[in-house]
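S.K.: Got a predicted structure here, sequence first:
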Amino acid sequence: MSESRQIILDEISGERDRQYNLPGSEYDQKHTMNDWIAIAGQYLTRGADRKHIKSDYQEQRQALIKSAAVIIAALEHLDRKNQPQPAK
């Protein structure tokens with residue numbers, strides 16, 4: 001793995017940890033897949049250029065890092081939701 005990729009993955013992991021530790025993250029388990037997609041989409045659009053506003057490199061990069069962290073949260077949620085339940 002390239003050093004650049006590892007740096008990016010470390011940043012995404014750090015952002016995911018930050019998001020997890022925010023107040024209210026205990027309610028993440030109630031999100032639907034549509035909720036997760038909307039949240040990731042909100043971050044992505046923050047980095048997009050708009051008609052009269054151009055995003056700079058740092059804004060675009062931060063938007064992508066935050067979106068990637070939300071997508072990881074969605075995958076974690078999906079995996080937890082679909083784990084086989086132990087027999088009682």
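M.R.: Perfect, thanks for sending it. Numbering: from 1, shown residues only.
S.K.: Am I right that Arg20 is in contact with Ile72?
M.R.: Check again: residue 20 is Tyr, not Arg. No. Using Cβ atoms under 8 Å, Tyr20 makes no contact with Ile72, being 9.8 Å away. (Each C-beta comes from the backbone N, C-alpha and C, glycine too.)
S.K.: Compare those two (neighbour count), which wins?
M.R.: The residue with more neighbours, out of Tyr20 and Ile72, is Ile72; 17 against 14, by other Cβ atoms under 10 Å.
S.K.: Helix or strand: which one has that one?
M.R.: helix 57-81 (DSSP states H and E).
S.K.: in the protein, which residue is closest to the centre?
M.R.: Nearest residue to the geometric centre of the chain (Cα atoms, centre = their mean): Val70, 1.5 Å.
S.K.: The nearest residue to that residue once chain neighbours are set aside - how many residues pack around it?
M.R.: Spatial nearest neighbour of Val70, excluding adjacent residues (Cβ to Cβ, 6 or more residues apart in numbering): Ala40 at 4.4 Å. When neighbours are defined as other Cβ under 10 Å, Ala40 has 19 of them.
S.K.: Any regions of this protein where pLDDT drops low?
M.R.: For the chain, the stretches flagged by pLDDT under 70 are 85-88.
S.K.: what's stretch 75-88 in contact with?
M.R.: Contact with stretch 75-88 is made by 28-29, 31, 33, 36, as judged by Cβ atoms under 8 Å, 6 or more residues apart in numbering.
S.K.: go again using 7 Å as the cut-off
M.R.: The contact list for stretch 75-88 (Cβ atoms under 7 Å, 6 or more residues apart in numbering) reads 28-29, 31, 36.
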